[in-house]
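Undergrad: Predicted model and sequence follow; I will ask about them next.
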Amino acid sequence: MKYYFNEIEAKWQKYWNDNQTFKADNYSKKEKYYVLDMFPYPSGAGLHVGHPLGYIASDIYARYKRHKGFNVLHPQGYDSFGLPAEQYAIQTGQHPAKTTQENIKTYRRQLDQIGFSFDWSREVRTSDPSYYKWTQWIFIQLYESYYCLDSDQARSIEELKSVFETEGNIRINAACGDTLEDFSEEQWKLFNEEKKEEILSNYRLTYLSETEVNWCPALGTVLANDEIVNGLSERGGFPVVRKKMKQWSMRITAYAQRLLDGLNEIDWPQPLKDSQTNWIGRSVGAMVSFDIDGHNENIEVFTTRPDTIFGVSFMTLAPEHELVSKITGRDQKEAVEGYVLSTSKRSERDRMADVKSISGVFTGAYAIHPFSGTKIPIWIGDYVLASYGTGAVMAVPCGDQRDFDFAKYFKLEIPNIFENVDISEMACEDKNVKIANSDFINGLNAKEAIRKVIAALEERKIGQGKINYRLRDAVFSRQRYWGEPFPVYYVNGLPKMIDTEYLPITLPEVQKYLPTEDGKPPLGNATVWAWCTKTNQIVSNDLINGTTIFPLELNTMPGWAGSSWYFNRYMDATNSETFCGKEAMNYWRDVDLYIGGSEHATGHLLYSRFWQKFLYDRGHVPVQEYAKKLINQGMILGTSAFVYRKEGENVFISKGLIGDFKVQPLHVDVSLVNASNELDLEGFKNHVLNKDIDQPEFILESGKYIVGREVEKMSKSKYNVVNPDDICHNYGADTLRLYEMFLGPLEQAKPWNTAGISGVHGFLKRLWKLFHSDNEAFLVSEDKANADELKILHKTIKKVDEDIANFSFNTSVSSFMIAVNELTALKCNKRDILQPLVVLIAPYAPHIAEELWEKLGNKGSISTVEYPVFEPKFLIESTKTYPISFNGKMRFTKELSLDLDKVAIEKAVLEDERTQQQLNGRSPKKVIVIPGKIVNIVG
RNA sequence: GCGGGCGUGGUGAAAUUGGUAGACACGCUAGACUUAGGAUCUAGUGCCUCACGGUGUGAAGGUUCGAGUCCUUUCGCCCGCACCA
């Protein structure tokens, strides 16, 4: 019988589905193991071959763990809120829910055909009200919490209120936004509702505030820095401006230190930990307050080098700094306002990326040096960012290169405060030089001086030591339709949470998915979007009366809201009483293995750790870190193909003939090119893409048009996407699974290339053949296996076990090939060997394994059959083929008994005539013998 | 600029603690077979050389009996962060 992979795969996929083979039980006596993939965003383009790479690896691991006797949770779902579906809705008028559902259907079909062992009964979709009900619930929990710095945890805001009522805020030590003035319990009681709420929102873990944002008028939305490329929106390429806006923020900064500390507890790749560490950006230094000459204001700065304070010769404020308008002199007003305006047009990333051009304006105001009392000019400059530190810098040109460049450019004073250091050409950032010209810290090194300056600042109450983090609070509002609605309504402009028992607050229907004409978010188009506090229902906007019926929040939550806790939902995905039942949560606890791309390092993987720590603090989850181990799979790159169009003409020149012609390279669909880079000319002419090209002419080499190749990210716009469907159809899912693993190390980025696929497909056919006679009937011998056969089996078991432990799936595929090649050579078709071999291969190629398992006469699925156990006794050797090397170069091999000791080996080797031949009469100076390894003769 | 990673045949890549470099595949060459099959099988294949032999893991040094692996310098590529005070 031939290997009809399509039939076999369809049969077993149906079997798994019918029998719910991979449904995980929440209450098992088996040890649990939770294998998680980063869930996909269901885009309209469908799955491409890059998606399954991580999924195949995690599936192999999950299946392996089932064979090893674990109760495995291996779920999958969809991160189904997001901008592409909304953009599509804007263009076509189709409801995003509809297109999302269609896309999910395609994804599901594609995932199913690869044979993943997902427990689909736990599927989650972030856009489903039954899911986002709990996203809204978590948001409310955050709103109702503050961060207590004494106990270092989130606590109920009610506790804080009762403290305010009994003793004011004097003794409160909590994470807080603005520096608040002290108030007593009496004062608190006298504050009106509005004032109280304003104070509380400084403590809440999610709060409304005016934030400077990247506003994209064309998309009508705020963009994250990482969504902006070269000052334009990543999607669409529209201009972006800086704008102030009232937005929800998440007080992730309260967790900065714990997010750093937690990294020590988890087995995540070091580069990923490094990027989270950099993102959080802890720096130790001091806050210093500078008085402003002639104003009743002061400038707070954070510095990591308080020891250089006597080197301050000017100050620089971010152009957006709130003091700028207050302190600017009459003569400077025009210049300053012009500069502020021109800065507002530049994106933050743009400003940061531009290192070469130096710009700034003098404000006309002077600060007073806190120790020397000298007057220091205050400048504004766009190299200072409002969002980092206090948005102000004490400039020390002799000790900081950027300050130095600024001072040189504007011909400002550069006082030298370092002993025996030449600063005429560049600043000195070395912390080991001694300080000079600095009053009470002369002669000290940086470390000593820092301590002394901080002490002096604290004594005079003009500053204190401080740990500063680069991490900022995360903006949580999006001006989009296709996201979670906030469970929030407004009473006189003050936010109120909807009682959790009335969740979910479902997305309203709208006529248009664009922002409204007057610049409100898309939900501003909804006509039934008001909250009735009497009936606790969403009602028509017409009924808003300001007494019982109020407007609802128009923003929606960002993409990362739903993905920040989904791993908990899988544990108890259908629970309608709570976001995850306690019993299920205490059984599954955390993810044992998480596989996904490193591009989420400072987004999803940081926010989700933050939410998990918060949920832990409030007693909702049992662990602080939700993923014990994480593996980043490398990106699969596409190999783009290019044709070369002669500039201004419809002439395409084959790659080898371009020579000196001016050509324009154009992407061409990779499906039109064969393995030898030859273009299908007829296909090219008929391809939709090229319909607009009239009568193309081709200049051929040897009768062929040869395309250029380049490795790029796999993307629809580069026409280099390869769809797994074709491979599943032509070679089968088992071949696809093996091939993706065989491509190379999991964590390494690699270009997709189908050239080698026949190799693994051939392997599966040879495996099949081992079980079949020449006339293709199933034929397995019941004879006892011999030593050679057992050795092949056990060496493979050993290798595969080690490989899986190291996530080295590429080399285990090789081991399978070697085993099958060797068994084929021995014509071995013995059950003793083949039955364990099938189990060994089952996690990698589950369909063929199930089929052969059944043909071997077994009942039921192979998926929980015990994995073969390695027995060292089958690998014991009595001899070793020693490499005999001379001066480190291997010349010949000699088989010797492993019982021989060093002396005996040396004797045997020296007696060998080939040794004498190599030595050619010389006597060896030294003979190195490592029993069991090598012999090296020196001389 | 800072941080991280990577350089091995025509190609994808192997190579626990330093111990036979190139496993396993693709491709290529030659051949066999045929019931033309998504064929299969056999042999060969790092480079130079008819061969003996030489040479070879980006380059140059070093440590060592022995280096792809350790150390120093250097070149190139990729990724992340970036005027972070």
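TA: It's in. Residues are numbered from 1 along each chain as shown, chains lettered A, B, ... in the order given.
Undergrad: Run through the stretch 51-200 of chain A and note the low-pLDDT ranges.
TA: The model of the stretch 51-200 of chain A has pLDDT under 70 over residues A:178-179.
Undergrad: quick one: the helices in it?
TA: Ranges of helices in the stretch 51-200 of chain A, per DSSP state H, counting those that start in this stretch, are A:51-67, A:83-92, A:96-113, A:129-143, A:157-167, A:185-190, A:193-201.
Undergrad: Out of those helices, flag the one nearest A:Tyr616.
TA: The minimum distance between A:Tyr616 and those falls on helix A:129-143, with 11.9 Å, by Cβ to Cβ. Every C-beta, even on glycine, is put in place using the N, C-alpha and C of the backbone.
Undergrad: Not counting its own residues, what contacts the closest one?
TA: With contact meaning Cβ atoms under 8 Å, 6 or more residues apart in numbering, helix A:129-143 is reached by A:81, A:124-126, A:157, A:204-207, A:250, A:484-487, A:497-498, A:500, A:503-506, A:557, A:561-562, A:564-566, A:569, A:576, A:579, A:611, A:614-615, A:618, A:620.
Undergrad: what's the answer for stretch A:529-539, then?
TA: A:489, A:498-499, A:502, A:505-506, A:508, A:523, A:528, A:540-541, A:543-544, A:548-552, A:554.
Undergrad: One more: stretch A:567-576?
TA: A:26, A:36, A:73, A:75, A:77, A:121-124, A:130-131, A:134, A:578-581, A:584-585, A:587-588, A:591, A:594, A:608, A:612, A:615, A:621, A:626-627.
Undergrad: Apply 6 Å and report the result again.
TA: The contact list for stretch A:567-576 (Cβ atoms under 6 Å, 6 or more residues apart in numbering) reads A:36, A:75, A:122, A:124, A:580-581, A:584-585, A:588, A:591, A:626.
Undergrad: List the buried residues of it.
TA: Across stretch A:567-576, burial judged by 16 or more other Cβ atoms under 10 Å covers A:567-573.
Undergrad: Give me the distance between the two termini of that stretch.
TA: 16 Å (Cα to Cα, to the nearest Å).
Undergrad: from the middle of its chain, how far away would it be?
TA: Distance of stretch A:567-576 from the chain centroid (Cα atoms, centre = their mean, to the nearest Å) equals 23 Å.
Undergrad: can you map out the helices along the stretch 501-650 of chain A?
TA: Using DSSP H, counting those that start in this stretch, helices in the stretch 501-650 of chain A cover A:560-563, A:566-569, A:582-588, A:604-617.
Undergrad: is any part of the first one close to RNA strand B?
TA: Read that as helix A:560-563. No - Helix A:560-563 lies out of reach of RNA strand B by Cβ under 7 Å from any atom of the strand, never closer than 14.4 Å.
Undergrad: Tell me the helices and strands packed up against that helix.
TA: helix A:604-617 (3 or more Cβ pairs under 6 Å, 6 or more residues apart in numbering; DSSP states H and E).
Undergrad: I'd like to check the angle between the helix it packs on and helix A:129-143, please.
TA: Going by axes from the mean of the first three to the mean of the last three Cα atoms, to 10 degrees, helix A:604-617 is angled at 70 degrees with respect to helix A:129-143.
Undergrad: thinking again about what came up before, between all of the contacts of stretch A:567-576, which two are separated the most?
TA: Between any two of the contacts of stretch A:567-576, the greatest separation by Cβ to Cβ is 18.5 Å, found for A:Leu36 and A:Gly581.
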